[in-house]
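Q: Below are the sequence and a predicted model; questions follow.
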Amino acid sequence: MTSPASTPFRQRDYVAGEFVDPAGDLGVWLCDPSTGERIALQAASSPEVVERVLAEADAAHVRGDWAAMPVEERAALLERIADALDERAGDVAIVEGASAGLPAPIAAAFGGSLAGNFRDVAAMIREQVNPEQLGEPDRPVELWRFPWGPTAILVPWNAAGAMAAKKTAYALGAGNTVILKPPEWAPFACTHLAEAIDSVGLPRGVFGMVHGGAAVGRAITEDARIRAISFTGSVETGRAVARAGAGNFAALQLELGGNNPVLVRADADVAAAAASLAAGMVKLNGQWCEGPGKVWVAADVHDEFVAALLDALSSFTLGPHTEAVDIGPLAHESRRVDLQAQVDRLVSRGGKELVASQPVPAGGWFWAPRVVVGAPEAECVEEMFGPVVTVHPMADEAAAIAAANASPYGLAAYVFGTDIEGAMAVGRALRFGEVKVNGTSLLDMSERSAQSFWRCSGLGGHGNRDLLAFFQGVQIVGMDRPGVPI
């Protein structure tokens, strides 16, 4: 089943420059998270369409008409895609809000953000020198950056449109052919992205899109024609993607999850730290991979901090994602069930569940933010992916740093303290890709930000220039040095 073309909730395959309706479905309903109203069944592409998309991407790469296109022409097409996405920003906002429960202002910001990725990479490839001359006048040596080839992009449901736009823009900018698989839980924004790309007339096979669950993802990532894979999602699925790509040694970029630690030092401004942490907990309704998770608080201010955190959380308004509220619903009913089960498990191990006191709307998948105290630290390892944290008293800061670094994950961390140099020193001691001091914003701290995905939080990293570099292989060509001894 697919939604009518007159609505923004469309699921369409894109193959050989044409849109086709997915042949089947996964038997699972996508619902409005504020009401539970059914929207569409999760779509599934046929094996024949998946094979056609793979073959078209490979053929386009072999032809080379996209990779060999003059950079100025390729950049101009990327900018035309950006213009087309600007025209679709309103529809993208509607479907992103309904896919992840994002409050209307946040969904609008996401909808308007897609185009910028294509403009950014267009500017970057215009500046990139290819080849770089590394030799001497009588001994040419050239450093080239070439696209890997057919590239698989798999994105998460919590920011599907934004993630798909960024990864697709940079992969295309690097000269690759691209196959996009939208998340089965949030496919709609990717259709609008595909329609924007289609509107500018890229060469046949340069971009394709298919739908489905694990079987379709596996069929793409295991295929020998795929030379690079970029995936963002859960650790468990990331391991499956890594195994699939390893057989053909495809280039891998995996941004996975993690239970991101927070250290609140003894000198922290308790009220300010609690307010900032609360804001970080509810961003995207707590459904973001760098959200705060496991909180260590100086023992002397533990109780004061927990009370301040609950007060801050209780000040937020829960409501339908279509409104200008602070917190919308969780994305899916199963997400709410699983999240509550995780909290119940911690309670069964000795924790205490403290729920913020604000009205919770009836219907939909609403879940008030909360804090779990008293749970054994050893039980608080896995990511919960919602507006909830565990809080633990910190008697020894060095021990807390060591415990944080012993985590199997290493995506992001947070430090709060009024002694900025002291807080920075703690941040430098934490082995996580991004450590923010006295803040929990979603945005990068610098235009030149970069971070690696440490431990089980993935492979590679992100940062705009790093992302473009990932989608390219490096080759050096030139005259060898004469007379070298070995």
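A: Thanks, I have the structure now. Residues are numbered from 1 along each chain as shown.
Q: For residue 244, give its distance to residue 232.
A: As defined by CB to CB, to the nearest Å, residue 244 lies at a distance of 15 Å from residue 232. Quick note: C-beta positions are derived from backbone N, CA and C, even for glycine.
Q: okay, those two: which has more neighbours?
A: Neighbours were counted for residue 244 and for residue 232 using other CB atoms under 10 Å; residue 232 has more, 26 against 22.
Q: Would you mind measuring from the more buried one to residue 288?
A: In this view, residue 232 and residue 288 are 11 Å apart by CB to CB.
Q: Now do the lowest-mean-pLDDT helix or strand in the chain: everything it contacts.
A: Least confident helix or strand, the chain: strand 461-462 with a mean of 88, by mean pLDDT, DSSP states H and E. Here strand 461-462 makes contact (CB atoms under 8 Å, 6 or more residues apart in numbering) with 253, 255, 433, 450, 451, 452, 453.
Q: try stretch 188-195
A: By CB under 8 Å, 6+ apart, the residues outside stretch 188-195 that reach it are 8-12, 14, 19, 84-85, 88, 91-92, 95-96, 98-99, 114, 155, 160-161, 164-165, 168, 180, 182, 207, 209.
Q: Mind giving me the PyMOL select for these, buried ones only?
A: To isolate the buried members of these in PyMOL, using 16 or more other CB atoms under 10 Å:
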select buried, resi 8+9+10+11+12+14+84+85+88+91+92+95+96+98+99+114+155+160+161+164+165+168+180+182+207+209
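Q: what about the residue nearest to residue 88 when sequence neighbours are not counted, how many neighbours?
A: Computed as CB to CB, 6 or more residues apart in numbering, the closest residue to residue 88 that is not its neighbour in sequence is residue 192, at 4.7 Å. Using other CB under 10 Å, residue 192 is surrounded by 27 other residues.
Q: what do you get for residue 300?
A: So residue 300, with other CB under 10 Å, has 12 neighbours.
Q: Leaving out chain neighbours, which residue sits closest to it?
A: Of all residues not flanking residue 300 in the chain, residue 266 sits nearest, at 6.2 Å (CB to CB, 6+ apart).
Q: The least confident helix or strand of the chain pairs with which strands, parallel or anti?
A: strand 451-452 (antiparallel) (DSSP bridges).
Q: Residues contacting the partner strand from elsewhere in the structure, which ones?
A: Contacting residues not belonging to strand 451-452 are listed as 412, 433, 434, 460, 461, 462, 463 [CB under 8 Å, 6+ apart].
Q: most surrounded residue in those residues?
A: The most crowded member of those, judged by other CB under 10 Å, is residue 412 (27 neighbours).
Q: what about the closest residue to it other than its chain neighbours, which helix or strand?
A: Spatial nearest neighbour of residue 412, excluding adjacent residues (CB to CB, 6+ apart): residue 290 at 3.9 Å. Element membership of residue 290, judged by DSSP states H and E, is empty: it is in no helix or strand.
Q: What separation do you get for residue 290 and residue 441?
A: Plainly put, residue 290 is 10 Å away from residue 441 if you go by CB to CB.
Q: what about the two, which has more around it?
A: Counted by other CB under 10 Å, residue 290 and residue 441 do not tie: residue 290 has more neighbours, with 24 against 12.
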